[in-house]
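J.: Sharing a model that was predicted from the sequence below.
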Amino acid sequence: MVRIILSVFLIFHGLIHLIGFITSWKLAKIEDLPHRTTVLAGKVNVGEVGARILGALWLLAAIGYLVAGAGLFTLAPWWMGVTIGVTWFSLVLCLLGFPDAQFGLYIDVILLIFLYFGGKSGWLL
């Protein structure tokens, strides 16, 4: 049961990452998350090109979580490594997007702790 819940959570988390792609590429306006060309709480301006690169990285993280969720659901042997890798990647993106992405940062930290203890104890699957 934990496997199915975590699989759905990973897929949902991946879909949420699409927000970073959508806003960076100006594909839609999201009222609470405006298009930005800055990172690190507005301290560094990366310009439009940098914003699009970051948007592509958000898309990559979304795809990574979708793959991780599908891998866990099918019990693929590689799911844990992919999930840990994409979660660290997401954590860095959330730090860059702070404070807009602060909720994702908290989720990533909790997910890493959950994966660590769940993997060590064997109750994750």
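T.: Cool, got the structure.
J.: hey, where'd the strands end up in this structure?
T.: 38-39, 44-45 (DSSP state E).
J.: tell me the most buried of those?
T.: When those are scored by mean count of other CB atoms under 10 Å, the highest mean neighbour count falls to strand 38-39 (a mean of 16). Every residue, glycine included, has its C-beta placed from N, CA and C.
J.: contacting residues around it?
T.: Residues outside strand 38-39 that contact it (CB atoms under 8 Å, 6 or more residues apart in numbering): 44, 45, 46, 50, 54, 96, 97.
J.: Show the model's pLDDT score for the first one.
T.: Confidence at residue 44, expressed as pLDDT, is 97.
J.: ok, now the fourth one?
T.: Here the pLDDT value assigned to residue 50 is 97.
J.: these two touch, right, it and residue 36?
T.: No: in this structure residue 50 lies outside contact range of residue 36 using CB atoms under 8 Å: 10.2 Å.
J.: show me what contacts the residue nearest the centre of the chain?
T.: The centroid of the chain falls nearest to residue 90 when counting by CA atoms, centre = their mean (4.0 Å). Residues near residue 90 by CB under 8 Å, 6+ apart: 13, 17, 61, 64, 65, 104, 108.
J.: Just put the strands of the chain in JSON lines and tack on distance to residue 71.
T.: As requested, the strands of the chain are exported to JSON lines (distance: least, CB to CB, whole Å):
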{"stretch": "strand 38-39", "distance to residue 71": "30"}
{"stretch": "strand 44-45", "distance to residue 71": "34"}
